[in-house]
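Asker: Return a 3D structure for these sequence lines:
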Amino acid sequence: MIRVTVLGLAIDVQQRPVILLGPVDDALRADKAMPVWIGAQETASIVAAIQGTSIGRPLTHDLMATLLEATGSHIDRVTIPQLVDGTFYAEVELSTPNGKHVLDARPSDSIALAVRVGAEVWVADDVFDEVAVETEGTPQPTEEEEIAEFKDFVDHVDPDDFNIEGDKSED
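Answerer: A predicted model of the protein is given here:
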């Protein structure tokens, strides 16, 4: 498994939201990113969590985080263990007062929740390697260079580059 972080959110050339996950502490994959197509609501939820924006009323993922806290539960980690016919599968590994549980979930919901509660996200090596794309990173870029590079990547990303048939949305 590879620990990943959210590199950014964008809209692909077909106007669909995509989240880019990048490896943490993996020198062999440092210049790669894994795209996961997500829904508009999950996009808004992830952006709000990353930016620390208060929406006013709790979103579904805020409610889930509050439920975890209220029940004395926490997320150990989120994993994306498989990709089947172009659909990513995720699991939420949960510790509760009644023991540990593994819950089947959509990656977008899992990532939105993980971002809210500070849980780690992990991806199976074979899944990451199958869909990851080169990001053409430069050694220790400035923040402005990273933003420009990411924008360039998003402007030129095409779902067909990932060799996943059919609709790439996992929703």
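Asker: Tell me the gap between the helix or strand hosting Val36 and the middle of its chain.
Answerer: Using DSSP states H and E, the element containing Val36 is strand 32-37. Relative to its chain's centre, strand 32-37 lies at 8 Å (C-alpha atoms, centre = their mean, to the nearest Å).
Asker: ok, now stretch 108-126?
Answerer: Worked out by C-alpha atoms, centre = their mean, stretch 108-126 lies 6 Å from the chain centre.
Asker: Now do it: distance from first to last residue.
Answerer: 19 Å (C-alpha to C-alpha, to the nearest Å).
Asker: SS state for Gln15?
Answerer: coil (DSSP: H, G, I helix; E, B strand; the rest coil).
Asker: same deal with Val6?
Answerer: strand.
Asker: beta partners of it?
Answerer: Beta-bridge partners recorded for Val6 (DSSP bridges): Leu21.
Asker: Settle this for me: it is touching Leu21, isn't it.
Answerer: Yes: under the criterion of C-beta atoms under 8 Å, Val6 makes contact with Leu21 at 6.4 Å. All C-beta atoms are positioned from the backbone trio N, CA, C, and that covers glycine.
Asker: quick one: which of those two has more around it?
Answerer: Leu21 (25 against 19; other C-beta atoms under 10 Å).
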